[in-house]
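S.K.: sequence and predicted structure, then a few things I'm wondering about:
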Amino acid sequence: MDETLQYIEKIIEERIVTQHVVVNVAKLVMMQRDAKLRNVVNSCDLINADGQGVVWGARVLGLNIPERVAGIDLFLKVVELAAKKGYRLYFLGARQEIIERVVIRFLLKYPKLQIAGYRNGYFSKAEEAKIVEIIQNSRPHVLFVAMSSPQKEIFLNQYIENLQIPFMMGVGGSFDVVAGYTNRAPLWAQKAGLEWFFRLMCEPRRMWKRYLISNTIFAWMILKALFRKVLWVY
């Protein structure tokens, strides 16, 4: 986390346009069948492992991922950094009542936080260019986009040159958590890598396919990769 935050501060200070992305089990599985998403993720300059399953899977294959950097934790840390450094933030996504509550809660916690602007995530394809222009004209240092995957990754990749914002980050459902509409898993579940199980229990109808099917496919992907690695050695 500390290394990531130091890098983010550097790119903001030097105004290096950067798209950040986190990868979890569901997204890695999605990337196997979605070439566009795969290309977008691979083109990002800053990638973190969000899910603990990704860290474990990488270690099984002998890859060095120091730690999990949860997207929501990084999101909160970047807001804290912005409050200290005077960086301007733009929030895009979620419902209007949620985005408004997010902004209010952050301002209550950080009275000097500079809000460049905010907008809900409900707009048509025809409105995108105008929204991008509004965001760009607000001159933020940081843009947070609360959309689902692959929409947020593709949106940022498509408009990265127009936006010219130093740090752009997709934050998924983080606005819902900050606003108090969704509960995050207890700390013990986060540390045990069971945050996915907590969400599955809270929203079984919506989450069963994402987690149970994705986790099974991911485990099979790791086994196949490990088998190929063993064959290569011998």
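M.R.: Cool, got the structure. Remember, it's a predicted structure, so these values are computed and weren't measured experimentally. Numbers count the residues shown, from 1 in each chain.

S.K.: wait, M169 sits on V79?
M.R.: No. Counting by C-beta atoms under 8 Å, M169 stays clear of V79, with 10.7 Å between them. For the C-beta atoms, the positions are set from N, CA and C on the backbone; glycine is no exception.

S.K.: quick one, which of those two is more surrounded?
M.R.: Neighbours were counted for M169 and for V79 using other C-beta atoms under 10 Å; M169 has more, 25 against 20.

S.K.: what's the closest non-adjacent residue to the more buried one?
M.R.: Once flanking residues are discounted, M169 sits nearest to H20: 4.4 Å by C-beta to C-beta, 6 or more residues apart in numbering.

S.K.: what helix or strand does the one you found sit in?
M.R.: strand 18-23 (DSSP states H and E).

S.K.: I'd like to know how many residues surround the residue nearest to E133 when sequence neighbours are not counted.
M.R.: Ranked by C-beta to C-beta, 6+ apart and with sequence neighbours excluded, the top spatial neighbour of E133 is N162, at 7.7 Å. Using other C-beta under 10 Å, the number of residues around N162 comes to 13.

S.K.: surely N162 and V132 touch.
M.R.: Yes. Assessed by C-beta under 8 Å, N162 is found in contact with V132 at 5.2 Å.

S.K.: just for this structure, where's the confidence low?
M.R.: Segments of the chain classed as low confidence (criterion: pLDDT under 70) are 229-234.

S.K.: helices of this protein, start to end?
M.R.: 2-13, 25-33, 35-43, 52-60, 71-85, 96-109, 128-137, 151-163, 174-179, 187-191, 195-202, 204-208, 214-233 (DSSP state H).

S.K.: would a markdown table of the ones you listed with distance to V145 be doable?
M.R.: Shown next, in a markdown table, are the helices of the chain (distance: least, C-beta to C-beta, whole Å):
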| stretch | distance to V145 |
| --- | --- |
| helix 2-13 | 16 |
| helix 25-33 | 15 |
| helix 35-43 | 13 |
| helix 52-60 | 21 |
| helix 71-85 | 11 |
| helix 96-109 | 11 |
| helix 128-137 | 10 |
| helix 151-163 | 5 |
| helix 174-179 | 10 |
| helix 187-191 | 23 |
| helix 195-202 | 20 |
| helix 204-208 | 21 |
| helix 214-233 | 22 |
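
S.K.: and among these, the most buried is which?
M.R.: Across the helices of the chain, the average number of neighbours (mean count of other C-beta atoms under 10 Å) peaks for helix 174-179, which reaches a mean of 23.

S.K.: gap between that one and the chain center?
M.R.: 13 Å (C-alpha atoms, centre = their mean, to the nearest Å).

S.K.: alright, calling it a day.
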